[in-house]
Structures are given as structure tokens and as C-alpha cells.
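Asker: Sequence unavailable; structure follows:
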């Protein structure tokens, strides 16, 4: 049973979303990934999101570029947490995606991550932190992840 749903606005978003997928695989947490567009397949987005809780989905991660309405549309159709990943774009370097994802009207919350791959990685970690509130196995893996990250930094030798 998948706990996390990743929705991308298009196939071209996969390069960025692969950072999310890598983390979720590392933590061995079930997820599913879909391509659905807020603008090109709005009915399918609504149907998928509204049916997701029956499949065990607990958190949505939505990645989109340009006008990037996907995370907001997902949030409009669910009471589950929604994490938005603004995809970097050619023309505005993702600023358009960031503003579209972060500027939500009151009552439609979206947790917006940074633009691009670092945001995609953090989206996975944030989803795991949400699940870790009630899942002690995920919580333990997150504690170990942060411990390993801390040790790696402490052991880094400065190369002058």
C-alpha cells in the first residue's frame, strides 16, 4: 500500500523528481508516481486525489513548472498534506514555479520546497517526517539519516 503519492505535471519533471524517488527508495517507503496536469488533465487530477486515501495515501508531493498550479489543485481536493516542488524553468529559472506554488489562497495550504533538485530531496524528507509522527520505524530511520549527515560533515577535512 503506497503511503506517498508523487504527481508530476509532465514527463520532463522526472529528472528533478528522481531526487525525491531516490530518498524514498533509500528509506524503503512505498510510493506511487503519476503524471497528471492541473491544466491539461484537471478532471483526472481531481478523481485521482479524491480516490487516493482509499489506497492508503497519506501525503502528496506535487511537482510542476511554469504556472505550477498542480500542488494547489491537489490541495483543493484533499485534506491530506501537500508538498509542492517548484520545477526550474528555462525562462525564469523556476521563479515562476516558486511563486505559483507558494502563493496559495487562505484555506488551501501547500508546503512549498526550494526550486529544483534540492527541493525535491527535501520534499521526500518532509513527507517522511510527516509519516514519522505516527510511524516509529520511519522516525528511527530519519534519526539515523540525520546522524549520518552530521557525522559526514564532522569528518570532512578542509582542502586548502
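Answerer: Arrived safely, thanks for sending. Quantities reported herein were computed from a predicted structural model and do not represent experimental measurements.
Asker: Give me the contacts around whatever helix or strand residue 148 lives in.
Answerer: Assigned by DSSP states H and E, residue 148 belongs to helix 136-154. Outside helix 136-154, the residues that touch it by Cβ atoms under 8 Å, 6 or more residues apart in numbering are 27, 29, 125, 128-129, 131-133. C-beta coordinates here come from the backbone N, C-alpha and C atoms, glycine included.
Asker: if we go to 6 Å?
Answerer: Identification of contacts with helix 136-154 by Cβ atoms under 6 Å, 6 or more residues apart in numbering yields 27, 128, 131-132.
Asker: possible to save these as CSV with secondary structure?
Answerer: Below are the contacts of helix 136-154 laid out as CSV (DSSP: H, G, I helix; E, B strand; the rest coil):
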residue, secondary structure
27, coil
128, helix
131, helix
132, helix
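Asker: buried stuff in the helix holding residue 148?
Answerer: 138, 141-142 (16 or more other Cβ atoms under 10 Å).
Asker: before we move on, what about stretch 49-58?
Answerer: In stretch 49-58, counting by 16+ other Cβ under 10 Å, buried: 49, 52, 57-58.
Asker: Likewise for stretch 98-112?
Answerer: Neighbour-count burial for stretch 98-112 [16+ other Cβ under 10 Å]: 98, 100-102, 104, 110-112.
Asker: Among the buried residues of stretch 49-58, name the ones in helices.
Answerer: Using DSSP state H, residue 49 are the members of those that sit in helices.
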